[in-house]
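Undergrad: Model the following, please.
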Amino acid sequence: MKNYLISYDLYKSGQNYDGLISYIKSYSVWAKIHQSVWYIKSNKSSEQIRDELLHYIDRNDSVFVAEMNNAAWQNLLNGNSEYIRQNWAR
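TA: Have a look, this model is predicted:
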């Protein structure tokens, strides 16, 4: 499985945050890194993940999905640093 970073900005109030977050949490490995930045593992491509995320956002919102091969971090949200270390190479 590949490591991915997902980042998004939903610009209007009342956006479908719950649906978007539920979609991200549907992956077996996920972690919230920052307020609107997530880590997931998936066999899908960046484009496939982006296209699925588009179901939960409006046309004026933005989303970024990137496969990560190497990364460094410190003090992530919710203490997720160790969780990501444990799952990175799996």
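Undergrad: What pLDDT is listed against residue 14?
TA: Per-residue pLDDT puts residue 14 at 64.
Undergrad: same deal with the one 4 residues further on?
TA: On pLDDT, residue 18 comes in at 87.
Undergrad: buried ones in whichever strand or helix holds it?
TA: Secondary structure from DSSP states H and E places residue 18 in helix 17-25. By neighbour count with 16 or more other CB atoms under 10 Å, helix 17-25 contains the buried residues 20, 23-24. Where you see a C-beta, it was placed from the backbone N, CA and C, and this is true even at glycine.
Undergrad: Among those, which one sits closest to residue 82?
TA: The shortest gap between residue 82 and any of the buried residues of helix 17-25 belongs to residue 24, at 19.8 Å (CB to CB).
Undergrad: From the chain's centroid, how far away is the helix or strand encompassing residue 85?
TA: Assigned by DSSP H and E, residue 85 belongs to helix 81-88. On the basis of CA atoms, centre = their mean, to the nearest Å, helix 81-88 is displaced by 15 Å from the centre of the chain it belongs to.
Undergrad: counting contacts, what elements does that helix pack onto?
TA: Identification of packing neighbours for helix 81-88 by 3 or more CB pairs under 8 Å, 6 or more residues apart in numbering; DSSP states H and E yields strand 30-34.
Undergrad: got the angle between whatever helix or strand comes next after the strand it packs on and helix 17-25?
TA: Counting by DSSP H and E, the next helix or strand C-terminal to strand 30-34 is strand 37-42. Compare the direction of strand 37-42 with that of helix 17-25 by axes from the mean of the first three to the mean of the last three CA atoms, to 10 degrees and you get 40 degrees.
Undergrad: Run through who's touching strand 37-42.
TA: Strand 37-42 is contacted by residues 1-7, 24, 27-33, 49, 80, 84, 87, 90 when judged by CB atoms under 8 Å, 6 or more residues apart in numbering.
Undergrad: List buried members of these by neighbour count.
TA: Counted by 16+ other CB under 10 Å, those give 3-6, 24, 27, 29-33, 49, 80, 84, 87 as buried.
Undergrad: Let's see the helix or strand bottoming out on mean pLDDT in the chain as CSV, backbone CA atoms only.
TA: In the chain, the helix or strand scored least confidently by mean pLDDT, DSSP states H and E is helix 81-88, which has a mean of 89. What follows is helix 81-88 as a C-alpha-only set of coordinates in CSV (Å, rounded to 0.1, in the frame of the first residue of the first chain):
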residue,chain,number,x,y,z
SER,A,81,3.5,10.7,15.1
GLU,A,82,4.1,7.2,16.5
TYR,A,83,1.0,5.8,14.7
ILE,A,84,2.3,7.0,11.3
ARG,A,85,5.8,5.7,12.1
GLN,A,86,4.4,2.3,12.8
ASN,A,87,2.3,2.2,9.6
TRP,A,88,4.6,4.0,7.2
